[in-house]
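Student: Sequence first, predicted coordinates after that:
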Amino acid sequence: MRWRLVALLFWAVPAAAVTCEDVDYLGRSYTACTVDATSENLRLFYQDADGAVIGGFTRLASQPGVNRLAFAMNAGMYHDDRSPVGHYIEDGTEVMRVITNAGPGNFGLLPNGVFCINDGSAQVYETLDYVARAPACRDATQSGPMLVIDGALHPRFLIDSTSRFIRNGVGTSADGTTAVFVISNGGVTFHEFGSFFRDYLDLPSALYFDGKVSRLHAHDQGRSDFGFQLGPMVAVIE
């Protein structure tokens, strides 16, 4: 009887909204947070109701309608005023158009991509593919470079690169049901970071969000990074 009671209590515990785990892979440490896009409230956040940039996890957690911030991460590059560098849609409203041309910095290292969120799905698209398909995204953020494109690493990534930063990004399953958000816990190269998505997580598409300013809030890990004010953020709210 006691065993049956324990079993019943175990199965009554609700599943976590986001599952985050620390992973050591090829001598580098990462934190990977897996989100079921079919059931979780996954959204982008940039400004509050008054048009002020939210800028960080503490203010995000206090926004109307956010009862519990299960997960959050910076989600795309931004200008000094924290406005999005590339394409940005939030709750159906386009804030910034799609940028298709090459340019300076990591964002302009083509191919770059767009992370598209809808009720029940999340998908990373290469930018030109995104423009051709024209998916109706509820939320979308453009960043770059792509890390993994149709199962292949970005062609400009060098295996012998010595440029290492704390980096973060997102990868999605082919059917769009799962999104995995990753932050490195130390400096990694683009090749190492992309390889983690492709070879360890086995995801066909992945997009770089940023480096040096990378931040993670993971409620169940008791982790909430602080530092520079952020622009666009992605979060799972309850």
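Tutor: Received it, and whenever you're ready, just let me know what you need. Residues are numbered from 1 along each chain as shown.
Student: Kindly list the single helix or strand of this structure that scores lowest on mean pLDDT.
Tutor: Ranked by mean pLDDT, DSSP states H and E, the helix or strand of the chain with the weakest confidence is helix 2-12, at a mean of 36.
Student: for the most centrally placed residue in the chain, which residues make a bridge with it?
Tutor: Nearest to the geometric centre of the chain sits residue 170, at 4.1 Å (Cα atoms, centre = their mean). The partner list for residue 170 in beta bridges (DSSP bridges) reads residue 181, residue 207.
Student: ok, so what distance separates it from residue 122?
Tutor: Distance, residue 170 to residue 122, using Cβ to Cβ, to the nearest Å: 8 Å. Placement of C-beta: from N, CA and C, glycine included.
Student: where do the contact lists of those two overlap?
Tutor: By the contact definition Cβ atoms under 8 Å, 6 or more residues apart in numbering, residue 170 and residue 122 are jointly contacted by 115, 179.
Student: The least confident helix or strand of the chain: what's the following helix or strand?
Tutor: Proceeding N to C from helix 2-12, the next assigned helix or strand is strand 18-25, under DSSP states H and E.
Student: which other helices and strands contact that following strand?
Tutor: If you count contacts as 3 or more Cβ pairs under 8 Å, 6 or more residues apart in numbering; DSSP states H and E, strand 18-25 packs onto strand 28-36, strand 69-74.
Student: Show me which parts of that strand are buried, residue by residue.
Tutor: 18, 20, 25 (16 or more other Cβ atoms under 10 Å).
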